[in-house]
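Asker: sequence unknown, structure follows:
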């Protein structure tokens, strides 16, 4: 049973994170509300989690990213690699993440999905917009 919901998640984020991180979190929650096929709120005690899920006709509900009340984000690229056998979709997602965040998301250099600090990943509003566009593109391809 979920311990967290939108209200408690936002409240905890605002009390625990810098205002810049809270704003990014709010933007991602608003985006998820309008674009996710399912939003899952976590049940953890130490921090809250929100999961953006996309419903694919071939693979069911897939988590595309996670955000937490302690100001972190996790991209589900390795999880998607294990579930989605259309490698061009995953490769496109990887390239977009790499160009957005100037990180290497290759499976050999990034073998597991880990949480990153939002403040390190998003320093400008345009980076948030680019990430939102990336998730919209990935969702559209998974819906096909």
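Answerer: Done, it's in. Model, not experiment: these values are computed from the prediction.

Asker: And the strands in this protein?
Answerer: 38-41, 49-56, 60-68, 72-75, 115-117 (DSSP state E).

Asker: For the residue nearest to residue 40 when sequence neighbours are not counted, list each beta-bridge partner.
Answerer: Nearest non-adjacent residue to residue 40, counting by Cβ to Cβ, 6 or more residues apart in numbering: residue 51, 4.2 Å away. The C-beta positions use only the backbone N, C-alpha and C, and glycine is treated the same way. Beta-bridge partners of residue 51, counted by DSSP bridges, are residue 40, residue 66.

Asker: dump the residue contacts of residue 51.
Answerer: 39-42, 63, 65-66 (Cβ atoms under 8 Å, 6 or more residues apart in numbering).

Asker: Among those, which one sits closest to residue 3?
Answerer: Residue 3 has its nearest neighbour among these in residue 42, at 7.0 Å by Cβ to Cβ.

Asker: Quick check, pLDDT for the closest residue to the closest one other than its chain neighbours.
Answerer: Excluding its sequence neighbours, the residue lying closest to residue 42 (Cβ to Cβ, 6+ apart) is residue 49, at 3.2 Å. Note on residue 49: pLDDT of 96.
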